[in-house]
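Asks: here is my input; please provide its structure:
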Amino acid sequence: MELNDANLQTLTEFLRKTLNPDPTVRRPAEKFLESVEGNQNYPLLLLTLLEKSQDNVIRVCAAVTFKNYIKRNWRIVEDEPNKISEQDRTTVKANIVNLMLSSPEQIQKQLSDAISIIGREDFPQKWPDLLTEMVTRFRSGDFHIINGVLRTAHSLFKRYRHEFKSNELWLEIKLVLETFALPLTELFKATIELCQTHATDVNALKVLFSSLTLISKLFYSLNFQDLPEFFEDNMETWMTNFHALLTLDNKLLQTDLVSNAIQFLASVCERPHYKNLFEDQNTLTSICEKVIVPNMEFRSADEEAFEDNSEEYIRRDLEGSDIDTRRRAACDLVRGLCKFFEGPVTAIFSGYVNSMLAEYAKNPGANWKHKDAAIYLVTSLASKAQTQKHGITQANELVNLTEFFVNHILTDLKSTNVNEFPVLKADAIKYVMIFRSQLPKEQLLQAVPLLITHLQAESTVEHTYAAHALERLFTMRGPNNTTLITAVEMAPFTEMLLTNLFKAMALPGSSENEYIMKAIMRSFSLLQESIVPYIPTLIDQLTQKLLLVSKNPSKPHFNHYLFESLCLSVRITCKANPATVGSFEEALFPVFTEILQNDVQEFLPYVFQVMSLLLEMHSNSIPSSYMALFPHLLQPVLWERTGNIPPLVRLLQAYMEKGGATIAASAADKIPGLLGVFQKLIASKANDHQGFYLLNSIIEHMPPESLIQYRKQIFILLFQRLQSSKTTKFIKSFLVFVNLYCVKYGAIALQEIFDSIQPKMFGMVLEKIVIPEVQKVSGTVEKKICAVGITKVLTECPAMMDTEYTKLWPPLLQALIGLFELPEDDSIPDDEHFIDIEDTPGYQTAFSQLAFAGKKEHDPIGDAVSNPKILLAHSLHKLSTACPGRVPSMLSSSLNAEALRFLQAYLQGANVQLV
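Replies: The predicted structure follows:
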């Protein structure tokens, strides 16, 4: 693509169409952009547009498109083509910093994200001048530019907070400090001085304090792994100014800086060597009184968010988003102080809690915020350790949680008007949720129907918390690892629970509420067959919802739980009555067809998983509706997207299992397409195992005669890959396939096909691959396949007894006994770094495994062989009777003593002897 006006105009038109709400206009435009993004100069055209377009909407759209393009394509993945030319990469890096700093804030944020994505891959080795270029801009004096640099630096350096220690990391941090630490310190001092100069100018202060917030975050990231020498030497500068910021009381400011400063205090007070700073009772009282209590209050900004921006409020409160709140910072400080001073801190706060509750009791209507602060304070005091899965796992023993629940929480939950004091109701629900592991079961059971009632609350936060609390309670485990709350205990509330959950999605602001959908999924999972009577209504509501969200998928978690709920409906109902699979297909296929026709990329991996689940439910036949779809599943475009590969392979495996013979009879012309998919998959280190899953199913289920003409070519392709790129994962999969082929077609057929490719090839494979590598095979079924296959080679292949292959017979038997008795060899060569499928780059729809669409492990040998050791004994006995004297003499001359002892035990177990 040339950098010319015509191409800029075309790109502008297509970008504008991607903003069109009509999917018939939007989708083709998205497809076009996807088709041209591999062309040289594409990123440069986008950067030119975002810099020079007269239309601001197009500039922002170009910026977002550019960022997503970088996210998808910048990382170079082994075995995959480099999606951005070296020339484009160099030009992008040469221009992007300057462009980012000179753009308006909306565009600046997108380009800042793009720089941090590129930086993650290329900094410092391939982009050594990035920091120098950024640091020189500190001198500009323009805080729009300075904040752009700080924001970008923050997104680059914040990973230092969670990376494991390594020499590589230390070297990178050292390099960053050499370039960045001094200019950052100078900027910090200069910004503090400017705050004093502009103390009465609210607009100037907002900009300056946004800089100070970012500087604080950078300071935290650069000091996280260890305290660098530079900051140790300049500690006075930083700490004096931090102290000044903590005590600053400028009424014009309501910024995040306070929370950053409190957060810093919280991290200091947890460290043993600073303990002495906080030991004095007056210091503790002063911090509790002047820093913690005032910042625990529910501020007007919190109230506004609670009512008008509930999604953001929930994200901050439940998930702990990146945006720090004063309350959370104060709560962290309480926990930090309790680490060493639990008794005195609890005593100080108990007085505050009691007085706040007394204030509330005087006039609940006017003083409800006092009770809110009291609950928040109790929660902070009581929480010592917490996990996502269990809530609070360790509580402060000086706080009586059960008594507080009965006296102060239950009253709000039992209130008949669910819409009165919604903040207090949300607090009460959250209390149950986070202390669920500490409260006795009878109190949780008492709370369940009350929580179900709160699903009807008008407040989005309140009904979302109710759904989340129920979902968390339903995951709790009791004795014997069963759910703490049982389906029987839920029986009186089942109908109300299901009704209210689906009704809650009709409330304003919750039509795609992920917490409600997750609660629906968890309810189905808990209730199991109790939901069967309601399934017709539930499936109707779920498919309507699916149709709606497929028009414009925007909430990935919601969509995931929606598909999980569909899978549960299918599983639970078909378990009770397998014949109902047809009615599910009738309900779901029209929606699935629309999703496939419109190529809704986010949903395809899910649709393939649900279809696999449905097809696997059928007895051994394949309905015509599936056969009509079969050719479409082989289209190369579907296999280009990494997220489609695992579910599509599973779906094709289901096709093989249920309809191998049908495909051979009525769609034989599609077999080359099927093998083409296998060929594409085994060429990739990331997906070769998926290629083998498919190949194994083809060998197991397709009629042998339908594959005769293709078999030799399959082996040739595998040998080509072995020669070009032999990895441990590939070898393990290859061994399983070769032995499955032997089990299916017989040892003679295996030997003949190898030797037809090249004379003596069979011996080479045994000597160079099977004997030395079989110990690496892992997994019960995989080991069983290899054991049965090798047994057949040893005992059913005449060439092993009377040709030059005979010398391989003892070491092959020795390797088989090793597979039975020795620990698995899990060593991997140093030069092999596997790419995790989930880790392939970028913005493509990743594969999201549906837990409730899980597939049982399949054993192609099944009950035909229950114990491979006994099979070996019987097979050796049969061989020895066919050629008396040969087997014992080979064993005594070549097998080591330990292997012989094991073999003797197998023969005794099978009650046979060798002759």
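Asks: tell me the domain boundaries of the protein?
Replies: Under the TED database, the residue ranges defining each domain of the chain are 254-387, 400-474.
Asks: next one: the first one to chain centre, how far?
Replies: Offset of domain 254-387 from its chain centre (Cα atoms, centre = their mean, to the nearest Å): 31 Å.
Asks: what's the average pLDDT for it?
Replies: Mean pLDDT, domain 254-387: 81.
Asks: might one say that residue 654 is in contact with residue 620?
Replies: No: Residue 654 lies out of contact with residue 620 (Cβ atoms under 8 Å); the separation is 11.6 Å. Bear in mind the C-beta positions are built from the backbone N, C-alpha and C, glycine included.
Asks: settle it for me: which of these two has more neighbours?
Replies: residue 654 (23 against 10; other Cβ atoms under 10 Å).
Asks: contact partners for the more buried one?
Replies: Going by Cβ atoms under 8 Å, 6 or more residues apart in numbering, residue 654 touches 611-612, 615-616.
Asks: does it belong to a helix or a strand, and which?
Replies: helix 645-666 (DSSP states H and E).
Asks: and the longest helix seen in the chain, which residues are buried?
Replies: Longest among the helix segments of the chain by residue count, using DSSP state H, is helix 326-362. Residues 326-338, 340-342, 344-346, 348-349, 352-353, 356-357, 359-360 are the ones in helix 326-362 that count as buried (16 or more other Cβ atoms under 10 Å).
Asks: one more: stretch 463-483?
Replies: 463-474, 476, 483.
Asks: quick one: which of these is nearest residue 27?
Replies: residue 464 (31.5 Å; Cβ to Cβ).
Asks: re earlier: tell me which of the contacts of residue 654 fall in strands.
Replies: Under the assignment DSSP state E, the contacts of residue 654 contribute nothing to strands.
Asks: may I ask which of those has the most neighbours?
Replies: residue 611 (25 neighbours).
Asks: skipping adjacent residues, who's closest to it in space?
Replies: residue 651 (5.7 Å; Cβ to Cβ, 6 or more residues apart in numbering).
Asks: so the one you found makes contact with residue 613?
Replies: No: contact status for residue 651 versus residue 613: not in contact, 9.7 Å apart, counting by Cβ under 8 Å.
Asks: how long is stretch 765-780 end to end?
Replies: End-to-end distance of stretch 765-780 (Cα to Cα, to the nearest Å): 23 Å.
Asks: what residues of it count as buried?
Replies: So for stretch 765-780, counting by 16+ other Cβ under 10 Å, buried means 765-767, 769-771, 773-777.
Asks: next one: stretch 527-547
Replies: Buried residues in stretch 527-547 (16+ other Cβ under 10 Å): 527, 530-532, 534-535, 538-539, 542-543, 545-546.
Asks: so which of these are in helices?
Replies: Using DSSP H, those in helices are 527, 535, 538-539, 542-543, 545-546.
Asks: so what touches the helix or strand where residue 117 lies?
Replies: Using DSSP H and E, residue 117 sits in helix 105-122. Helix 105-122 has contacts (Cβ under 8 Å, 6+ apart) with 50, 59-60, 63-64, 66-67, 70-71, 74-76, 92-93, 96-97, 99-101, 103, 127, 130, 144, 148, 151-152, 155-156, 159.
Asks: show the buried residues in those residues.
Replies: 50, 59-60, 63-64, 66-67, 70-71, 74-75, 92-93, 96-97, 99-101, 103, 127, 130, 148, 151-152, 155-156.
Asks: returning to that earlier point: the helix holding residue 117: what's the following helix or strand?
Replies: Toward the C-terminus from helix 105-122 - assigned by DSSP H and E - lies helix 130-135.
Asks: for that following helix, packing partners?
Replies: Contact here means 3 or more Cβ pairs under 8 Å, 6 or more residues apart in numbering; DSSP states H and E; on that basis helix 130-135 packs against helix 86-102, helix 143-157, helix 167-197.
Asks: packing partners for the first one?
Replies: In this case it means helix 86-102. So helix 86-102, by 3+ Cβ pairs under 8 Å, 6+ apart, packs with helix 42-52, helix 105-122, helix 130-135, helix 143-157.
Asks: try 7 Å this time
Replies: Helix 86-102 sits against helix 42-52, helix 105-122, helix 143-157, with contacts defined as 3 or more Cβ pairs under 7 Å, 6 or more residues apart in numbering; DSSP states H and E.
Asks: only alpha carbons, please: show the last one as CSV.
Replies: In other words, helix 143-157. Output of helix 143-157 as CSV, limited to C-alpha atoms (Å, rounded to 0.1, in the frame of the first residue of the first chain):
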residue,chain,number,x,y,z
PHE,A,143,2.6,19.3,31.3
HIS,A,144,0.5,17.8,28.5
ILE,A,145,3.8,16.5,27.1
ILE,A,146,5.2,15.6,30.5
ASN,A,147,2.1,13.7,31.6
GLY,A,148,2.3,11.8,28.3
VAL,A,149,5.8,10.7,29.1
LEU,A,150,4.9,9.8,32.7
ARG,A,151,1.8,7.8,31.6
THR,A,152,3.9,5.8,29.1
ALA,A,153,6.7,5.2,31.6
HIS,A,154,4.1,4.0,34.1
SER,A,155,2.7,1.5,31.7
LEU,A,156,6.2,0.3,30.8
PHE,A,157,7.5,0.0,34.4
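Asks: please renumber the chain so that the first residue is 44 from this point on.
Replies: Noted, 44 is the first residue going forward, which turns the last one into helix 186-200.
Asks: mean confidence for that helix?
Replies: On average, helix 186-200 scores 93.
Asks: then the shortest one?
Replies: The average of the pLDDT scores along helix 85-95 is 95.
Asks: can you tell me how far residue 178 sits from residue 157?
Replies: Taking Cβ to Cβ, to the nearest Å as the measure, residue 178 falls 19 Å from residue 157.
Asks: same check, this time on residue 749
Replies: 50 Å.
Asks: so between those two, which is more surrounded?
Replies: Neighbour tally, residue 749 and residue 157, criterion other Cβ under 10 Å: the higher count belongs to residue 157, 25 against 16.
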